[in-house]
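1. Provided below for reference: sequence and predicted model.
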Number of protein chains: 2
Amino acid sequence: MTDGHFDKITLIGIGLIGSSIARAVKAKGLARTVTISTRSQETLDRARELDLGTDYVLDAGEAVEGADLVVVSVPVGASGKVAEEIAPHLKSGAIVTDVGSTKASVVAQMLPHMPKDVHFIPGHPLAGTEHSGPDAGFAELFQGRWCILTPVHGTDKDAKKKLAAFWEALGSRVDEMDTEHHDKVLAIVSHLPHIIAYNIVGTADDLETVTESEVIKYSASGFRDFTRLAASDPTMWRDVCLHNKDAILEMLARFSEDLAYLQRAIRWGDGEKLFDLFTRTRAIRRSIIDAGQDTSAPNFGRPVADDKG
Amino acid sequence: MTDGHFDKITLIGIGLIGSSIARAVKAKGLARTVTISTRSQETLDRARELDLGTDYVLDAGEAVEGADLVVVSVPVGASGKVAEEIAPHLKSGAIVTDVGSTKASVVAQMLPHMPKDVHFIPGHPLAGTEHSGPDAGFAELFQGRWCILTPVHGTDKDAKKKLAAFWEALGSRVDEMDTEHHDKVLAIVSHLPHIIAYNIVGTADDLETVTESEVIKYSASGFRDFTRLAASDPTMWRDVCLHNKDAILEMLARFSEDLAYLQRAIRWGDGEKLFDLFTRTRAIRRSIIDAGQDTSAPNFGRPVADDKG
Ligand SMILES: NC(=O)c1ccc[n+]([C@@H]2O[C@H](COP(=O)([O-])OP(=O)(O)OC[C@H]3O[C@@H](n4cnc5c(N)ncnc54)[C@H](OP(=O)(O)O)[C@@H]3O)[C@@H](O)[C@H]2O)c1
Ligand SMILES: NC(=O)c1ccc[n+]([C@@H]2O[C@H](COP(=O)([O-])OP(=O)(O)OC[C@H]3O[C@@H](n4cnc5c(N)ncnc54)[C@H](OP(=O)(O)O)[C@@H]3O)[C@@H](O)[C@H]2O)c1
């Protein structure tokens, strides 16, 4: 059975990612029962109000009992604790996966707790928004987006196929990578951009010569493009920084070195060097549009300022 | 007459900005004649093919003869040369403006050439895309966007009103600032973001451990948001860096200082500091959306990857 269906799915964590999975599972009818568990009674109540699953259980251990597929969708720093809680209750043959944005750390935290008769296959859907919580999710989130699985050595092939089929049923395209490589790739395509975006928005916030209201008023000139990333969930990004430290520091060092070179070219008025630097980056943009990863429409078809008055 | 109409308008430079002005002037019927001049015969021919004006003249001096409004839309590094060329041919009482992204340097380059009986009023429409050339323009470019005028001391009030009315007729909202302040504001809302975007795309291009095709494939995770800015015209951005050097270097120094602090927090695993930094930036995003400068729709309503297969 590799059609992405499971008899019982348990979702641990029901924020943006967990609730998007819940909605997609329901929309596509991928499970007979969907048990939802989350840290707080408040979020659990909200999940019930939103009718995201079939059962609602605060205790994570109890929630995974009898589950064929368990998906852990909590900040990466909490994955060890969750693994410890659920481990004794997992059914033999169950597939356990996660959605964390860093993978080596998640494996280090979760794998030691996993019983031998359970298939632990880490994963990371490359899909998200800057919003969080159970209300932020939507069933189409994973449509056309990549999901990277980072199976550990000796993973059962059938279990991997089943999990891949599950993500494909949610609309994703599935890739496989080793954990270390995943963490390097994500450090450059996601973690560094978010950190840089947080930083530039922070810098703008701190100026004496330019007011915040000026920054906001004229933000469409470039600044705005960074603010979406910089509005992402602080807990999630704190954990990403703490749990992919080495790869992130490596990318930051490269970035800073390159920036020092650029800064020097500006200081010395080296127009030729600047022109060269500003030319070679165009090709990447073109490839991204050709690969269907972005649109070339001016402004991504955003509404212009006066749409709102 | 402050309705934005002029008898004869001359446009010097007919790239993205110049041709957008030409199209908007035509669409709104803001002039009896629109004379177009540009550096190369090739671009001039293209402007004629696109039917952007009423007259096409290679020589800039000849083109401005009898003009009531002259708009210079060339890279800021070329504004001195253009001012020198057109100065002897300007009609008494003509309004001369520009659209350059830096202002103190443009004033320093152009003002000394301007005859006493001409109204020179520098301007900067905060509107653009990453594309360039006469084909890239469109009449709606300025709709709902700011145009900042930076009049020099003693500027005639009526002339200023007429120019403001012109930009308003193109759909812009008009603001006024002194040149130095303009250059600082733009350094943070536009120049720094573009430079940072160029830099991060450059860094990604240089890695040995992560391939370019991986960067492209997974770019939707954050990286993509930078590539649009980094695809902007190299000549324009070389000139911006050379001509707003002091303000840009100041902002770069602040940015690098802040980044070093953030980097240290990552290195030392200081989760609290990271959480604080990642929290305060959310407010700015909210203000930008409230101010109608961006949309909160996930992904700006961009098509997802599989729209293209
Ligand atoms: N957001 C994205 O763009 C994105 C994209 C791909 C992957 N991811 C990954 O997906 C995971 C979840 O992110 P999300 O955006 O869905 O987050 P979210 O919307 O903030 O939801 C977080 C969920 O985890 C629970 N949780 C938070 N702290 C916890 C803790 N210390 N112990 C146990 N449970 C805890 C929350 O429970 P309560 O509400 O009950 O406290 C909630 O159910 C993260 O690992 C993140 O790296 C996120
Ligand atoms: N692009 C934006 O997003 C944006 C936004 C606001 C303001 N601006 C400002 O608008 C101005 C024009 O930018 P653009 O985007 O319209 O550029 P563009 O599309 O590249 O067009 C440039 C125009 O200037 C002419 N030109 C180029 N180099 C010249 C030189 N050395 N001497 C004389 N003419 C020269 C070109 O003539 P030929 O084609 O005949 O060589 C062309 O007509 C710049 O000052 C820029 O800072 C741009």
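-> Structure received. Ligands and ions are numbered 1, 2, ... in the order given.
2. would you mind measuring from the residue of the stretch 51-200 of chain A at minimum distance from ligand 2 to A:I86?
-> Closest approach of the stretch 51-200 of chain A to ligand 2 (CB to the nearest ligand atom) occurs at A:I200, with a separation of 18.8 Å. The way it works is simple: take the backbone N, C-alpha and C, and place the C-beta from them, glycine included. Computed as CB to CB, to the nearest Å, the A:I200 to A:I86 distance reads 40 Å.
3. before we move on, the earlier item: dump the residue contacts of the residue of the stretch 51-200 of chain A closest to ligand 2.
-> If a contact means CB atoms under 8 Å, 6 or more residues apart in numbering or on different chains, then A:I200 has A:F223, A:F226, A:A230, B:L192, B:P193, B:I196, B:F255 as its contacts.
4. is A:D175 in a bridge, and if so with what?
-> A:I148 (DSSP bridges).
5. so for the strand or helix carrying the residue of the stretch 51-200 of chain A closest to ligand 2, what's the average pLDDT?
-> In the assignment (DSSP states H and E), A:I200 maps to helix A:192-205. Averaged across helix A:192-205, pLDDT comes to 95.
6. buried sites along that helix?
-> Residues of helix A:192-205 classed as buried: A:192-204 (neighbour count, 16 or more other CB atoms under 10 Å in any protein chain shown).
7. of these, closest to ligand 1?
-> A:H194 (9.4 Å).
8. show me what the worst-scoring helix or strand of chain A on mean pLDDT is packed up against.
-> Ranking every helix and strand in chain A by mean pLDDT, DSSP states H and E puts helix A:282-290 at the bottom, with a mean of 85. Judged by 3 or more CB pairs under 8 Å, 6 or more residues apart in numbering or on different chains; DSSP states H and E, the packing partners of helix A:282-290 are helix B:192-205, helix B:212-217, helix B:224-227.
9. A:L242: neighbour count?
-> 20 (other CB atoms under 10 Å in any protein chain shown).
10. in chain A, where is pLDDT below threshold?
-> Per-residue confidence for chain A (pLDDT under 70) gives these ranges: A:1-2, A:297-309.
11. host element of the residue in the stretch 51-200 of chain A that chain B sits nearest to?
-> Nearest to chain B, among the residues of the stretch 51-200 of chain A, is A:G144, at 3.1 Å (CB to the nearest CB). Under the criterion DSSP H and E, no helix or strand holds A:G144.
12. thought it was touching A:L170?
-> No. The criterion here is CB atoms under 8 Å, and A:G144 misses it with A:L170 at 10.7 Å.
13. please identify which of these two sits among more neighbours.
-> Of the pair A:G144 and A:L170, A:L170 is the one with more neighbours under other CB under 10 Å, namely 26 against 19.
14. show me the strands in the stretch 1-150 of chain A, by range?
-> Assigned by DSSP state E, counting those that start in this stretch, the strands in the stretch 1-150 of chain A fall at A:6-12, A:31-37, A:55-56, A:69-72, A:95-98, A:119-120, A:123-125, A:146-149.
15. who does the third one pair up with?
-> The reference is to strand A:55-56. Partners of strand A:55-56, by DSSP bridges, with direction: strand A:31-37 (parallel).
16. taking strand A:6-12 as reference, get the angle to the strand it pairs with.
-> Computed by axes from the mean of the first three to the mean of the last three CA atoms, to 10 degrees, the angle separating strand A:31-37 from strand A:6-12 equals 20 degrees.
17. is any residue of strand A:31-37 near ligand 1?
-> No. Using CB under 6 Å from any ligand atom, strand A:31-37 stays clear of ligand 1, coming no nearer than 8.6 Å.
18. got the buried residues for that strand?
-> Buried-residue list, strand A:31-37, by 16+ other CB under 10 Å: A:A31, A:V34, A:T35, A:I36, A:S37.
19. so A:A136 is in contact with A:G18, correct?
-> No. Contact criterion CB under 8 Å: A:A136 and A:G18 do not qualify, at 10.4 Å.
20. would you mind telling me which of the two has the busier surroundings?
-> A:G18 (27 against 18).
21. the more buried one: what's it in contact with?
-> By CB under 8 Å, 6+ apart, the neighbours of A:G18 are A:L11, A:I12, A:I36, A:T38, A:V71, A:S73, A:V99, A:P134, A:G137.
22. what's the burial count for the last one?
-> What that stands for is A:G137. Residues lying near A:G137 (other CB under 10 Å) number 25.
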